[in-house]
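Student: Turn this into a model:
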Amino acid sequence: MLIKKIILLFFLSVFWTHSFSQQPFDFEGQYVRARYLTSKFPDSSDIVLNNIIEAAQKDNQPEYLAKAYYLKSFNSYVRSDADNAIRYAGIVLEISEKNHYAVGKALSYRMYGTQYAKLGLLEQAEESLSKGIAEIEHLNTDEGHELRGMIYNSYLILLNEKEYKRKLYYSEKSISEYLQIRNLARRNELLVSAYSNMGYNLSEVNKFKASMLYLKKALGLVGSGNNYLRCHILHDIGFAFSKNKQPDSAIHYYRKALDLANTYGFNEKKIEITGNLEEAYADKAEPDSAKTYKFQHLNLKDGFSYNKSIAVGKVLASEKKEYSQKLNQSRLISNSLMVACILLICLLGIIIYRIRKQKKKNMQITADVYERGIIQVPYEKDTDEIAETNESTGPPEIKMSPEVEENILRGLQAFEENLEFNSRNVAKYYLANNLNVNSKYLSAVIKKHKKANFNQYINSLRIGYIVDQLKNDPQYRKYKINHLAEISGYSSHSAFSHEFKKIVGIHPSAFIKNLTLVS
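Tutor: Next comes the predicted model:
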């Protein structure tokens, strides 16, 4: 009897194992689960996505393969990992083009556009988003409305505060698309970011009551688990209160947003929140708190740096002490240490000679710049010119009337006099739009009269402005490099330092140090 039961249990276990193994993979259910986790636990989402990718490759499911890689791209974007965000978006596009999957191509273009915009590549970003809309322009399904709404939301990253009407247009388009989604749960999930964006846009132009209406809608829909969007909404509410001159309320919501950003590692958002907390405490006349968040903000932007000279000094001091101890142990070690010391002295002599030579060179550069100003760097072709030259036997001739050329020159003069080149969002596309001319005409005039491509022109104006301020206003010499970078429109300490050294010839800190000696 016992043997019969054992045999029966054995066959039942084999049957259930076989039945379980035959269960088809639930692609849609797992994809919905991974999407749910993206804004809450991106690492957990990636584990689910890896399972989807493995199953999709095995079962030949290109659509879910493309969508899984899209979510991996989005998870990388949330972590501020631009390289992987772009890499995964490229995989999505490759899969979708091979399988003629329009939704996948739209997802890829949306991710490209969003990440390019964050990197400041505004022309490429707008081109990618336009391609995404074109792919699903006539797709009147829930997925089509969702994708169009997401892409319209992404357009907002391209625009600055002055472009309020365009921002309002895209916010309304996004909300309109989401409201047409029949799946109520998914509709509400997507409306969260759309309402939050609309609230932020309205607060930028001091429409406080209208902005709070949308932000409260967003907060009511977000749910307790969506940490990424909740962090954004709390920040946007704080921003609305700040614009409405209510710093206490602004600080309350900023700090709640910062707690979430710290907990879940939303590093890019932490930079924005700490910067706004600094302003809020300054508005509240609490300089100590403002200074605390200013330091946090600058540390997040610049990263952690190490003082290499101190570290090297400690290592050399430690080695010297060790050699001194061993000197008393044997004559062989003593002789070896003597040789090592001689080599070290020679090395230090070479280093000191080079340092002095470099200091002398830096001093001469500083004196020359102080007397004569900066020198225009040699003209370099920009990416558009290189592409055009590669496609033809030579660069195409740009023909324009003298009136158009004169109009552009007047516009550039006003652009320079108003110091608009220090705006962080300045780009050839937008300057051409403001001057109401073709961007190629603008490039041609800059090349002819300024002897530079567009980027060289902007960089020389910015660096020239900072050099003039350092020469004429000693207060500027007390500023940190990252603050000078912000003043002149650069997004980072490293970008400013690179261009400064390229144009002036030395690092900005060396220039400032020498300036006090030559002035």
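
Student: Contacts only, for the closest residue to Glu63 other than its chain neighbours.
Tutor: Spatial nearest neighbour of Glu63, excluding adjacent residues (CB to CB, 6 or more residues apart in numbering): Tyr101 at 5.8 Å. In short, each C-beta sits where N, CA and C put it, glycine included. By CB atoms under 8 Å, 6 or more residues apart in numbering, the contact set of Tyr101 is Pro62, Glu63, Ala66, Ile95.

Student: swap the cut-off to 10 Å and go again
Tutor: Pro62, Glu63, Leu65, Ala66, Lys67, Val92, Leu93, Ile95, Leu107, Ser108, Glu135 (CB atoms under 10 Å, 6 or more residues apart in numbering).

Student: Include distance to Asn472 and secondary structure when you put these into TSV, please.
Tutor: Listed next are these as TSV, based on distance: CB to CB, whole Å; DSSP: H, G, I helix; E, B strand; the rest coil:
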residue	distance to Asn472	secondary structure
Pro62	63	helix
Glu63	62	helix
Leu65	60	helix
Ala66	57	helix
Lys67	57	helix
Val92	52	helix
Leu93	51	helix
Ile95	58	helix
Leu107	52	helix
Ser108	50	helix
Glu135	54	helix
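
Student: Return the closest of those with respect to Asp382.
Tutor: The nearest member of the contacts of Tyr101 to Asp382, counting by CB to CB, is Leu93 at 25.7 Å.

Student: Just checking, which helix or strand succeeds the lowest-mean-pLDDT helix or strand in the chain along the chain?
Tutor: For the chain, the helix or strand with the lowest mean confidence is helix 308-327, at a mean of 43 (criterion: mean pLDDT, DSSP states H and E). Following helix 308-327 in sequence order, the next helix or strand is helix 331-372 (DSSP states H and E).

Student: For that following helix, name the packing helices and strands.
Tutor: helix 308-327, helix 454-472, helix 493-504, helix 508-518 (3 or more CB pairs under 10 Å, 6 or more residues apart in numbering; DSSP states H and E).

Student: try it again with 6 Å
Tutor: Using 3 or more CB pairs under 6 Å, 6 or more residues apart in numbering; DSSP states H and E, the elements in contact with helix 331-372 are helix 308-327, helix 508-518.

Student: State the mean pLDDT of the last one.
Tutor: I take that to be helix 508-518. Helix 508-518 shows a mean pLDDT of 87.

Student: Reformat the contacts of Tyr101 into CSV and put pLDDT and neighbour count next to each item.
Tutor: What follows is the contacts of Tyr101, written out as CSV (pLDDT from 0 to 100; neighbours: other CB atoms under 10 Å):
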residue, pLDDT, neighbour count
Pro62, 91, 16
Glu63, 90, 16
Leu65, 91, 25
Ala66, 91, 25
Lys67, 90, 27
Val92, 92, 28
Leu93, 93, 23
Ile95, 93, 22
Leu107, 92, 29
Ser108, 92, 29
Glu135, 91, 22
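
Student: what about Gly238, how many neighbours?
Tutor: Close neighbours of Gly238, defined as other CB atoms under 10 Å, add up to 28.

Student: wait, isn't it in contact with Ala250?
Tutor: Yes. Counting by CB atoms under 6 Å, Gly238 does reach Ala250; the two are 4.6 Å apart.

Student: which neighbours do these two share?
Tutor: Common neighbours of Gly238 and Ala250, using CB atoms under 6 Å, 6 or more residues apart in numbering, do not exist here.

Student: circling back to that earlier point, quick check: the two most widely separated of the contacts of Tyr101?
Tutor: Leu65 and Glu135 (17.5 Å).

Student: And Ile273, how close does it get to Gln61?
Tutor: Applying CB to CB, to the nearest Å, the value for Ile273 to Gln61 is 40 Å.
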